[in-house]
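**Student:** model the structure of this input:
(one chain, ligands or ions: 1)
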Amino acid sequence: MKKSIRLDKMLGNLGYGTRSEIKQLVRLGKVTVNGSAVKDPGMKLDPHLDRVALDGEPVAYREEVYVMMHKPAGLVSATEDRRDRTVVDLLPDELGVLSPFPVGRLDKDTEGLLLLTNDGKLAHELLAPRRHVPKTYRALVEGEAGEEDAAAFRAGVALDDGYVTLPAHLRVLHVAKPGEAPADREMAEAIERMRATPALRRDELERAQRDRSPLSWIELTIHEGKYHQVKRMFAAVGKRVLYLRRVAMGPLELDPALGPGEWRELTEAEIEALRNYRKEKRAADGFVG
Ligand code: URA
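**Tutor:** All right, here's what the predicted structure looks like:
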């Protein structure tokens, strides 16, 4: 199937300017297609075959964008918001112009792995409740988490609205007794981060420490995405989540090289892994193609 697009639309989509700015570039002879200067900014071309250059520099065409972000606390997982900064505000214009959106939501005070893309089909499959895509979180929890909680989460717990959760896998990574410095490096770092980051719940941490509560560093994998699910699951077993970070979603793992607020585009291997994962999920559900 031949797919053609107007030159000015293609350059506009890639963030090279408004239609009239692109018209001006064309008028100045700065744009070539297959080596020849263009006269008509509205000329049709095949963006996959025709070679477009601006000031002699090849223009790399793409339609899709896949970004892995380490969402920081304080930003909302949306494309726009009247009050708060959004995760999309962290991206540069040349990616923003491709209209990526976050695949699912993390709470404003949750950090960690967020996928942003404009691939609606992929996002839909990853979010569809029937696909049960696993999501793994690490959390600092007030209280001593243990085998009883793991058994409750395996069996399913009733949330505050009566919904009973699907089986989830809890691993308790470390418990620090009251007044004890956590021996787990990642847990200690999360506590440090809470102390230093206004958008995190420092007051809650200080209260828990004043109350001489034990603190647990846990990993929880769930296969659904109800509103505030992890916080509500711990509330169901009488514990409070103080800090939450997502570390994996389906086949994607948060790149440890990304600090909060940092992002990078997915590698080809990661995109391939997501596509294969989607295919496997569809096949498991009896879809073809
Ligand atoms: N569960 C929560 O409670 N919050 C999140 O942001 C994600 C999962």
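**Student:** pLDDT wise, what is the spatially most central residue of the chain at?
**Tutor:** Geometric centre of the chain, nearest residue: L114, 1.0 Å, by CA atoms, centre = their mean. pLDDT, L114: 98.
**Student:** up against the ligand, what does this protein have?
**Tutor:** Contact residues (CB under 6 Å from any ligand atom) of the chain with the ligand: 106-107, 110, 228-231, 244. In this view, the C-beta of every residue, glycine as well, is placed from N, C-alpha and C.
**Student:** just the buried ones out of the residues you listed, please.
**Tutor:** Buried by 16 or more other CB atoms under 10 Å: 106-107, 110, 229-231, 244, out of the residues of the chain next to the ligand.
**Student:** if we can go back for a sec, can I get the residues of the chain next to the ligand in TSV including distance to I191?
**Tutor:** Shown next, in TSV, are the residues of the chain next to the ligand (distance: CB to CB, whole Å):
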residue	distance to I191
L106	20
D107	19
T110	16
H228	22
Q229	23
V230	18
K231	18
L244	14
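**Student:** just the ones of these in helices?
**Tutor:** 229-231 (DSSP state H).
**Student:** quick one, helices of the protein?
**Tutor:** Here the chain has its helices, by DSSP H, at 7-13, 19-27, 93-96, 120-127, 147-155, 185-196, 202-210, 229-236, 268-284.
**Student:** rewinding a little: make CSV from the residues of the chain next to the ligand and add pLDDT to it.
**Tutor:** Formatted as CSV, those follow (pLDDT from 0 to 100):
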residue, pLDDT
L106, 98
D107, 98
T110, 98
H228, 98
Q229, 98
V230, 98
K231, 98
L244, 98
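**Student:** out of those, who's nearest L140?
**Tutor:** Ranked by distance to L140 (CB to CB), the residues of the chain next to the ligand are led by L244 at 8.0 Å.
**Student:** D109 is in contact with the closest one, correct?
**Tutor:** Yes. In this structure L244 lies within contact range of D109 using CB atoms under 8 Å: 7.4 Å.
**Student:** go through the helices of the chain and find the least confident stretch.
**Tutor:** Ranked by mean pLDDT, these end with helix 93-96 at the bottom, a mean of 82.
**Student:** contact partners of that one?
**Tutor:** Helix 93-96 has contacts (CB atoms under 8 Å, 6 or more residues apart in numbering) with 14-15, 65, 67, 88, 265.
**Student:** okay, buried residues for it please.
**Tutor:** Going by neighbour count (16+ other CB under 10 Å), the buried part of helix 93-96 is L95.
**Student:** also stretch 237-247?
**Tutor:** For stretch 237-247, by 16+ other CB under 10 Å, it's 237, 239-247.
**Student:** do stretch 19-31 as well
**Tutor:** By 16+ other CB under 10 Å, the buried positions in stretch 19-31 come out as 22-23, 25-26, 30-31.
**Student:** what's next to it, contact-wise?
**Tutor:** By CB under 8 Å, 6+ apart, the list of residues contacting stretch 19-31 from outside reads 7-9, 11-12, 16-17, 37-41, 52-55.
**Student:** using PDB, write out every CA atom in it.
**Tutor:** Below are the C-alpha coordinates for stretch 19-31, written out as PDB (Å, rounded to 0.1, in the frame of the first residue of the first chain):
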ATOM      1  CA  ARG A  19       2.900  25.300   7.900                       C
ATOM      2  CA  SER A  20       3.800  28.900   7.100                       C
ATOM      3  CA  GLU A  21       7.300  28.500   8.600                       C
ATOM      4  CA  ILE A  22       7.800  25.400   6.400                       C
ATOM      5  CA  LYS A  23       6.500  27.300   3.300                       C
ATOM      6  CA  GLN A  24       9.100  29.900   4.000                       C
ATOM      7  CA  LEU A  25      11.900  27.300   4.300                       C
ATOM      8  CA  VAL A  26      10.700  25.900   0.900                       C
ATOM      9  CA  ARG A  27      10.700  29.400  -0.600                       C
ATOM     10  CA  LEU A  28      14.200  29.900   0.500                       C
ATOM     11  CA  GLY A  29      15.200  26.700  -1.300                       C
ATOM     12  CA  LYS A  30      16.300  25.000   2.000                       C
ATOM     13  CA  VAL A  31      14.200  21.800   1.500                       C
END
